[in-house]
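In: Fold the following for me, if possible:
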Amino acid sequence: MAVLQQWHGVGKRKTAIARVYLRLGQGGILVNDQRVEEYFTRPTSLMVMQEPLKLTQHEGTFDILVNVKGGGKSGQAGAIRLGISRALEKFDPKLRLTLKRAGFLTRDSRIVERKKYGRPGARKRFQFSKR
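Out: Numbering: from 1, shown residues only. Below you'll find the predicted structure:
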């Protein structure tokens with residue numbers, strides 16, 4: 001019985017979490033059991049997600065399975081990019097320097113600041129009236 005060779009990476013961005021699995025194949029990408037073109041309708045999300053593959057010239061080399069939850073489409077695309085980058089690094093550790101220089105292995109830690117009590121938002125104040 002042949003063992004399926006697969007590389008795994010987890011990516012996070014804002015409140016989105018993506019689990020990415022790379023398998024050698026034809027270049028098909030499934031996100032939550034949907035074709036990537038159906039899941040991400042905006043071309044920028046598709047572009048962001050596929051940047052690590054283009055940078056390392058591995059487009060069409062892997063079949064990619066993604067489970068992503070939380071956040072919006074933009075955050076999910078960023079999470080998938082980090083997941084793909086981490087999985088590519090496991091596939092070939094020599095790619096680490098290339099991915100690191102492009103900033104694809106860095107977790108973007110910016111998240112929405114919480115709303116404070118007695119305020120309309122995280123930092124906004126109610127309108128001040130002198131009289």
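In: I'd like to check what contacts stretch 28-39. Which residues are they?
Out: F40, L46, M49, D63, I64, L65, V66, N67, V68, I80 (C-beta atoms under 8 Å, 6 or more residues apart in numbering). Every residue, glycine included, has its C-beta placed from N, CA and C.
In: Between the two ends of stretch 110-120, how far is it?
Out: 21 Å (C-alpha to C-alpha, to the nearest Å).
In: you'd agree N67 is in a strand?
Out: Yes - per DSSP: H, G, I helix; E, B strand; the rest coil, N67 lies within a strand segment.
In: For it, which residues count as its bridge partners?
Out: Per DSSP bridges, residues listed as beta-bridge partners of N67: R19.
In: my guess is it meets G11, correct?
Out: No - applying C-beta atoms under 8 Å, one finds N67 not in contact with G11, separated by 11.1 Å.
In: Of those two, which one has the most company?
Out: G11 (26 against 15; other C-beta atoms under 10 Å).
In: Now do the SS call for I17.
Out: Classified using three-state DSSP, I17 is strand.
In: Next: the one 4 residues further on.
Out: For Y21, the assignment made with three-state DSSP gives strand.
In: follow-up on the earlier one: show the buried residues in the contacts of stretch 28-39.
Out: Neighbour counting by 16 or more other C-beta atoms under 10 Å classes F40, M49, D63, I64, L65, V66, V68, I80 among the contacts of stretch 28-39 as buried.
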